[in-house]
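Asker: Below is the sequence, then the predicted model.
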Amino acid sequence: MHRNGADPTNMQPGDFICDFCLTPWDGTFPMVEGHKGSLICGQCLSVAFAEAATSSPSTDPASEPRKCTMCLAEKDGAGWASPLHDAWTCVTCIKRGSGKLHKDPDWDWRKPTGSKAMIDAVNDEDD
Ligand SMILES: [Zn+2]
Ligand SMILES: [Zn+2]
C-alpha cells in the first residue's frame with residue numbers, strides 16, 4: 001500500500017509499505033507490486049510461497065472466496081493471509097510475484113525449496 005498522506009508526485013521509498021507485514025520499504029529488500037498500489041515484500045512472499053506450497057485448496061471444504069489484496073479478484077483457492085493485518089493473496093499472485101523476483105537480477109531472492117510440485121508450477125508459468 002502507499003503510506004497515508006504520501007505525495008503521489010514525490011514518492012519516497014518509505015511511502016511504499018508491504019500490505020502484509022506493514023513494513024515500509026527502505027530500498028534494501030525486494031517488493032512486488034499488485035493492483036492499485038498493493039505491495040508484498042520478498043519476506044512475505046517467501047512465507048506465502050512456502051505456505052501455499054503445502055496447502056491443498058481443492059480438498060479444503062472450509063475455503064471460501066476471498067478478495068485478493070494483490071489482484072483484487074475474488075478467489076476461493078489456496079492463498080496466504082497476513083498474520084498481522086487484513087490482507088490475503090491468492091496463489092496466482094504468489095506464483096507471479098515469486099517468478100518475477102526470482103528472475104530479477106537486482107535481488108538475490110530465491111523461491112523457497114521444499115515443494116517440488118509448487119516450484120515446477122511456478123517454473124511452468126515463466127514460459
Ligand atoms: Zn511484507
Ligand atoms: Zn491475486
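Answerer: Thanks, I have it. Ligands and ions are numbered 1, 2, ... in the order given.
Asker: does the helix or strand hosting Trp80 come close to ligand 1?
Answerer: In this structure, Trp80 sits in strand 79-81 according to DSSP states H and E. No - using CB under 5 Å from the ion, strand 79-81 stays clear of ligand 1, coming no nearer than 10.9 Å. The C-beta positions use only the backbone N, C-alpha and C, and glycine is treated the same way.
Asker: What are the contacting residues of that strand?
Answerer: Outside of strand 79-81, the residues within contact range by CB atoms under 8 Å, 6 or more residues apart in numbering are 44, 47-48, 51-52, 66, 68, 87-91, 94.
Asker: If you count neighbours, what's buried in it?
Answerer: 79-80 (16 or more other CB atoms under 10 Å).
Asker: sorry, back to before: got JSON lines for the contacts of strand 79-81, with distance to ligand 2 too?
Answerer: JSON lines is the format used below for the contacts of strand 79-81 (distance: CB to the ion, whole Å):
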{"residue": "Cys44", "distance to ligand 2": "14"}
{"residue": "Val47", "distance to ligand 2": "16"}
{"residue": "Ala48", "distance to ligand 2": "11"}
{"residue": "Glu51", "distance to ligand 2": "15"}
{"residue": "Ala52", "distance to ligand 2": "11"}
{"residue": "Arg66", "distance to ligand 2": "10"}
{"residue": "Cys68", "distance to ligand 2": "3"}
{"residue": "Ala87", "distance to ligand 2": "11"}
{"residue": "Trp88", "distance to ligand 2": "9"}
{"residue": "Thr89", "distance to ligand 2": "6"}
{"residue": "Cys90", "distance to ligand 2": "3"}
{"residue": "Val91", "distance to ligand 2": "8"}
{"residue": "Ile94", "distance to ligand 2": "8"}
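Asker: Among these, which pair sits farthest apart?
Answerer: Greatest spatial distance in the contacts of strand 79-81: Val47 and Arg66, 17.3 Å, computed using CB to CB.
Asker: re the thing from before, narrow the contacts of strand 79-81 to those in strands?
Answerer: Using DSSP state E, the members of the contacts of strand 79-81 that fall within strands are 66, 88-90.
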